[in-house]
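>>> got a predicted model here, sequence first, then my questions.
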Amino acid sequence: MNAPVNPDAFRVGTVPEPDAAPPIIRFAQVGKTYAGRGAQGSVTALSGIDLDVPKGAIVGVIGRSGAGKSTLIRLVNGLERATSGRLLIDGEDVTDLTEAGWRARRRATGMIFQHFNLLSSRTVFDNVALPLEIAGTPKSQIEERVARLLDLVGLADKRERYPAELSGGQKQRVGIARALASEPKVLLCDEATSALDPETTKSILALLKQVNRDLGITILLITHEIPVIKEICDRVAVIEDGRIVEEGDVFSVLTRPRHPTTARFVEAVTGVELPAYLAGRIHAQGQPGDDTVIRITFTGENATAPVISRLSSTIGVDVNILAGRIDAIAGRPFGSLLVSVPTREPELAAVLDALNSLELKAEVIGHVS
Ligand SMILES: Nc1ncnc2c1ncn2[C@@H]1O[C@H](COP(=O)(O)OP(=O)(O)OP(=O)(O)O)[C@@H](O)[C@H]1O
């Protein structure tokens, strides 16, 4: 177990409200084409990217493998250069920054990686101290700041350990402490939890949320996992084939996805399948005596009412729950339920009316005898 995290260890200032300030990162029609080598043609990894990262927010970019996520995040610390459009960071146009300019700017941008990228020959303390040593920070300041950071990430008792002696989650905590060493305004997270088990993922996401909230650090993360977006992000951009196909606040995008790619990501966490014992028996035309199968989608708004018991008590029908997955975003229910009710009018119409009046989405998906 890690030592408890101390939120006061590194607290600075107050956290600005997302959306209240101009964006700390702005992509304006950004494109990136990798030049071809030898027989291989050029590859357009990003085109026409418009994306604002509000100061103080956690913004997630989700997409499948090869969609352009790594390219996008690498532009923000100058590891790649845009081939079209403009990139602004903290009000400065960095599109044409020289390498020397980027060296100075990178101190304002920390980054953590899927495979942690720690130096195996250095202790935990020395890994976190490295960016400070490179920047020529006096030894006494390094000692004080690294100690505070290790306290923040809950690893004060591991300072003399080597990376090989740590769990994956502990290694990522070292990565986070190292990324925060130069007191950045922005933290970039490149699939930071993809190598971790679900429990450890949760604890690392909680730490990132705490870093955002308590230190006021803006976070831009890339992931292929919707739970990461759901867990900590304020805003999400969905990327496919180098283009942003959907963008907005997490609740709206996840509960009302407009693009099929977003819908597929969301379906993976909230979609429910008809149980196998019913799937083969479902038919389109209902007969008296059948049961009608209804998919109820919870979109969060006005969906907190005790739906099932209300149907039973007000309409007098027995509602049978077949399958379901209900989650919550910002405390509001989100997910779907498959239920069956007797195929009998006028009760069936009343059930559908009642569900729709609760602003749930109710669709008949078939009938079973
Ligand atoms: N250095 C490079 N040279 C040429 N093509 C590249 C280079 N880096 C990435 N690409 C190509 O650009 C496209 C986007 O790649 P990118 O790594 O940004 O996607 P990704 O969404 O991060 O994928 P993954 O999740 O698999 O890392 C891909 O077609 C990839 O092959």
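Happy to help now that I have it.
>>> quick one: name the residues of the protein near the ligand.
Applying C-beta under 6 Å from any ligand atom, one finds that the chain approaches the ligand through 34, 43, 45, 63, 65-71, 224. All C-beta atoms are positioned from the backbone trio N, CA, C, and that covers glycine.
>>> Arg145 against Leu180, yeah?
No - checked against C-beta atoms under 8 Å, the pair Arg145 and Leu180 is beyond contact range at 9.2 Å.
>>> between those two, which one's more packed in?
Each of Arg145 and Leu180 has its neighbours counted (other C-beta atoms under 10 Å); Leu180 has more, 23 against 20.
>>> against the ligand, how distant is that one?
24 Å (C-beta to the nearest ligand atom, to the nearest Å).
>>> again with Leu88
Counting by C-beta to the nearest ligand atom - Leu88 and the ligand are separated by 21 Å.
>>> isn't that residue up against Asp96?
No - using C-beta under 8 Å, Leu88 is not in contact with Asp96; the gap is 11.9 Å.
>>> higher neighbour count, those two?
Legend: neighbour count by other C-beta under 10 Å for Leu88 and Asp96, higher for Leu88 (17 against 10).
>>> and the strand or helix carrying Val30, which strands flank it?
For Val30, the host element (DSSP states H and E) is strand 23-34. Strand 23-34 pairs in its sheet with strand 43-54 (antiparallel), strand 84-89 (antiparallel), by DSSP bridges.
>>> can you pull the buried residues of it?
With burial defined by 16 or more other C-beta atoms under 10 Å, the residues of strand 23-34 counted as buried are 23-28, 30-32.
>>> any chance you could map the strands in the stretch 151-300 of the chain?
186-190, 218-223, 235-240, 243-249, 291-298 (DSSP state E, counting those that start in this stretch).
>>> for the helix or strand following the last one, which helices and strands make contact with it?
Going back to what we said before, that points to strand 291-298. As assigned by DSSP H and E, the chain's next helix or strand after strand 291-298 is helix 307-315. Helix 307-315 makes packing contacts with helix 347-357 when contacts are defined by 3 or more C-beta pairs under 8 Å, 6 or more residues apart in numbering; DSSP states H and E.
>>> mean confidence for the helix it packs on?
The average pLDDT within helix 347-357 is 85.
>>> do the same with stretch 85-105
Rounded mean pLDDT across stretch 85-105 is 92.
>>> what's the span of it from first residue to last?
Stretch 85-105 stretches 20 Å from its first residue to its last (C-alpha to C-alpha, to the nearest Å).
>>> buried residues in that stretch?
Quick answer for stretch 85-105 (16+ other C-beta under 10 Å): 85, 87-90, 94-95, 97, 105.
>>> kindly report the same for stretch 270-290.
Applying 16+ other C-beta under 10 Å to stretch 270-290 flags 270, 272, 274, 278, 286, 290 as buried.
>>> now flag whichever of those is closest to the ligand.
Thr270 (22.7 Å; C-beta to the nearest ligand atom).
>>> ok, and the closest non-adjacent residue to the closest one?
Gly335 (4.3 Å; C-beta to C-beta, 6 or more residues apart in numbering).
>>> give me the beta-bridge partners of the one you found?
Counting by DSSP bridges, the residues bridging with Gly335 are Phe298, Ile326.
>>> where do the helices sit along this protein?
Using DSSP state H, the helices found in the chain span residues 69-76, 99-105, 124-134, 139-152, 168-180, 198-215, 226-232, 250-255, 260-270, 276-279, 307-315, 347-357.
>>> the third one packs against which elements?
Read it as helix 124-134. Against helix 124-134 (3+ C-beta pairs under 8 Å, 6+ apart) you get helix 139-152, helix 168-180.
>>> pick the most deeply packed of the ones you listed.
helix 168-180 (a mean of 24; mean count of other C-beta atoms under 10 Å).
>>> what does that one rub up against?
2, 10, 110-113, 116-118, 124, 127-128, 130-131, 146, 149-150, 152-155, 158, 163, 166, 187, 192-193, 195-197, 200, 203-204, 207-208, 211, 215, 217 (C-beta atoms under 8 Å, 6 or more residues apart in numbering).
>>> kindly report the same for stretch 308-321.
291, 337-342, 344, 347, 350-351, 354-355.
>>> wait, what's in contact with Gly110?
The neighbourhood of Gly110, defined by C-beta under 8 Å, 6+ apart, consists of 178-182, 184, 186-188, 217.
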